[in-house]
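> model this:
(3 chains)
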Amino acid sequence: MKKLLEISLGVVTSIGGFLEMGEMSTAAQAGAAFNVQLVWAVVLGTICVAFLVEMAGRFSAVSGHTIIDGIRDRFGIKVLAWPLVTTVLVSLLVLSAEIGGVSIALEFATGITYRWWAVPVAVASWLFLWRGTFGMLEKGVTSLGLITLCFVVAAFRLQPDWAQVAASAIPSKPHTQAATYWFMAASILGASLSPTLFLFYSSGAIEDRWDRSYIGANRAIAALGMTFGGVISAAVLVVAAQSMHAHGIESIEDFHQLPLLLIDTFGMWGFALFAASLAIASFGAAVEVALLQGYLFAQSFGWNWGQDCPPRANPGFSLAYTCALVIGAIPIAAGADPLKLTILSMALTAVNLPLMVVPFIVLMNDEHYMGEHRNGPVSNAAVLGITGLAFVLGVVTLPLQIIGGT
Amino acid sequence: MDLVHDVLDKQLVDRNGVRMGRADGLIAELREGQLPRLVAIETGTIVIARRFGSRTEGMVRALLVKAGLSHRTEPYRIAWTNVRKIGVDIQLDIGCDDTPVHDWQRWLQARVIDRLPGAR
Amino acid sequence: MQHSSGQRDGATSKRIERDDAVKTRAVAAALAVTMACTACSSSDEEQTDARIALSFARSASMWLDGWMNDGVPRAYVKRSLESTGEALGKRIDKLPGSISSSVSAPMKDIAHDLDTARHAVDAGDKARVELVLSRLRKSTAALDAWKQTHRESGS
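Reported below is the predicted structural model:
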């Protein structure tokens, strides 16, 4: 019974925590530009993240290590240093993007320009971490994130050609703007496959003291939670296709265009729903990415860490997430375009993926850590194939986008 | 026991279960015709720097001295006799507070964290 | 005799070398594609300009309709018109001399209309907003017609 409750909670927080500024922006742009054609990128990203999250939970439950802990343990500090540095840097950009997401939502709600919100949002996130037994509170915020289901409702109300949507689940070549198409595919994959998710998940499993008896529950949470989350992302894409592309709006260049996704279906309420969805989803993500910085440093260097301990017990950990939030607020406060920053950070996430995923896959196949619970060939192939694709797409298309001045 | 695999880079845990850094380096005694004998575990920033080469070690040492932290340029050594058990991590028979390993965190705690509201 | 140990090599360093080789090849491929694409045609740029102008114009119609009929907040609509107007203005400033007037003229009209709309919304002038909406429809029709005759090929 207790496990059933845990599964339910795990699934709810996975769904609620899935959509954030990155997923929303990349799916919206893709739907506007290419109708439903890029649904396959959402599907692939969801499949891959479901595998990664399941593996993260299984790894921690069986080996007793978090992923970062395991990488240092198995490969040593000289190998860990590379993914550590790049992931810290990319995550800082993602953190800025999430702070940007909350800031623009607050601009929508209040009329005050997003730049002024960057610092208050960072402070609010910090307070949340500082004061919270944020294990509980964070589950609360991500449960509130269920408001993002409004996109699924909108998708149904807009009555798309579902046969076309289903057909688009299979990768296809673009008819126009090939460079943009593949770049958007890379960004969507980067948004779904953020290392935050699986690194976070394994830390949570250790903190909750998961053991082998959790392997079944873990599989259920990963599969159900990520699938439902992916459905919400796909819904954003479908809504963008119907509300924007079908009305001749084929590019989303300005973040003010984003609420139109729901204004089209729900009018004034759509505007309010969009602002609330974006604010809640991005705030939850900002808190998580800040925490991730804490985990990255604390687990790499062996400091004390934990969500539910008071800050004075974990000074180094607290310092790490504090510095992250300070740095993360700067680009938005300085006036960086939140939409462009988000898309860039998602593409960079795609490029950074192999550095984290490859050592992790090695661990998942190592008998010393996993015993009889090693990965099968399907898990290995799915994860390596999809992250490889994301990496190649990102590396090829990102320079083109930068040179093209987007 | 494979020194590198089973000991190096492992998490160190004190007698109360508090995490206190990682085994950043090892000191072993080489003996004629016998396997090396582990004498001590080393931990600290300078030990990590040394793993990346002598040039990195030199840079880090210079930085620490400039920051007024010259006492941190010596690694902290934990005698092998203090190791109680090695499993997922290395359990030690000493208390973290009795070592200088987390001095900087204690400094943070006293000077910064305790001065902010809600730290407890 | 004491000896300090802390080196890992063998399997792990081989792994790093493999990663490095893959990445080097990927970067080389990216550079090749980049250099090929700097020869991209100016018609692609025109298509992009038309697409962005159309998207801003139609978004503006949605904002204005939303404000007039559905109670979408005035502050949001104003700020949206201002932001997109600025962005479009910057794009117009960067237009090359070779651009077709079938694209540049509607673009300039749209930029002007976005500005007019913003002031109309600020003043609560629904009549003027209606005028802007009909002008926007004309500009978008003109750009649409141009796009029909210059149907895009793969780029």
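> quick one: contacts for the most centrally placed residue in chain A?
Most central in chain A under CA atoms, centre = their mean is A:S194, positioned 4.7 Å from the mean C-alpha point. Going by CB atoms under 8 Å, 6 or more residues apart in numbering or on different chains, A:S194 touches A:G22, A:V94, A:T349. To be clear about C-beta, it is placed using only N, CA and C from the backbone, and glycine gets the same treatment.
> out of the residues you listed, which is most surrounded?
If you count neighbours using other CB atoms under 10 Å in any protein chain shown, the busiest of the contacts of A:S194 is A:V94, which has 31 neighbours.
> Can you tell me the SS state at it?
Under the three-state scheme (DSSP: H, G, I helix; E, B strand; the rest coil), A:V94 adopts helix.
> count of residues packed around the residue nearest to it when sequence neighbours are not counted?
Once flanking residues are discounted, A:V94 sits nearest to A:S345: 4.7 Å by CB to CB, 6 or more residues apart in numbering or on different chains. Look at A:S345: counted by other CB under 10 Å, it has 27 neighbours.
> Correct me if wrong: A:S345 contacts A:I99.
No. A:S345 lies out of contact with A:I99 (CB atoms under 8 Å); the separation is 11.4 Å.
> So for the residue of chain B at minimum distance from chain C, what's the pLDDT?
Distances between chain B and chain C by CB to the nearest CB are smallest at B:G25, namely 4.4 Å. We have a pLDDT of 92 for B:G25.
> What strand or helix carries the nearest residue in space to it that is not next to it in sequence?
The spatially closest residue to B:G25, leaving aside those adjacent along the chain, is B:E42, at 3.7 Å (CB to CB, 6+ apart). For B:E42, the host element (DSSP states H and E) is strand B:37-43.
> What mean pLDDT does that strand get?
The model assigns strand B:37-43 a mean pLDDT of 91.
> Let me see the contact set for the nearest residue to A:S172 once chain neighbours are set aside.
Counting by CB to CB, 6+ apart, A:Q37 is the residue found nearest to A:S172 once chain neighbours are left out, at 6.2 Å. Going by CB under 8 Å, 6+ apart, A:Q37 touches A:S168, A:S172, A:P174, A:Y181.
> Tell me the buried residues in the strand or helix carrying A:A155?
Per DSSP H and E: A:A155 is located in helix A:150-157. Neighbour-count burial for helix A:150-157 flags A:C150, A:F151, A:V152, A:A154, A:A155 (criterion: 16 or more other CB atoms under 10 Å in any protein chain shown).
> between those residues, which is nearest C:I110?
C:I110 lies nearest to A:A154 out of the buried residues of helix A:150-157, by CB to CB, at 27.8 Å.
> List the contacts of that closest one.
By CB under 8 Å, 6+ apart, the neighbours of A:A154 are A:A235, A:V239, A:S243, A:L261, A:L262, A:T265, A:F266, A:G270.
> Leaving out the residues flanking it, which one is nearest to the third one?
Distance criterion CB to CB, 6+ apart; nearest residue to A:S243, sequence neighbours excluded, is A:D264 at 3.9 Å.
> before we move on, what about A:L80?
Nearest residue to A:L80 in three dimensions, chain neighbours excluded: A:R72, at 4.7 Å (CB to CB, 6+ apart).
> what does C:F56 give?
Using CB to CB, 6+ apart, the nearest residue to C:F56 is C:T84, at 4.5 Å.
> try A:E107
Nearest to A:E107 is A:Y114, by CB to CB, 6+ apart, at 4.3 Å.
> Wait, that neighbour touches A:P338, no?
Yes. Counting by CB under 8 Å, A:Y114 does reach A:P338; the two are 6.4 Å apart.
> what sits in contact with each of these two?
With CB under 8 Å, 6+ apart, A:Y114 and A:P338 have common neighbours A:G100, A:S103, A:I104, A:I332.
> What helix or strand is the second one located in?
Using DSSP H and E, A:S103 falls within helix A:77-110.
> That helix: what's the following helix or strand?
Proceeding N to C from helix A:77-110, the next assigned helix or strand is helix A:118-131, under DSSP H and E.
> now for that next one, which elements pack on it?
Applying 3 or more CB pairs under 8 Å, 6 or more residues apart in numbering or on different chains; DSSP states H and E, we find helix A:118-131 packed against helix A:77-110, helix A:134-144, helix A:268-301, helix A:315-333.
> Thank you, goodbye.
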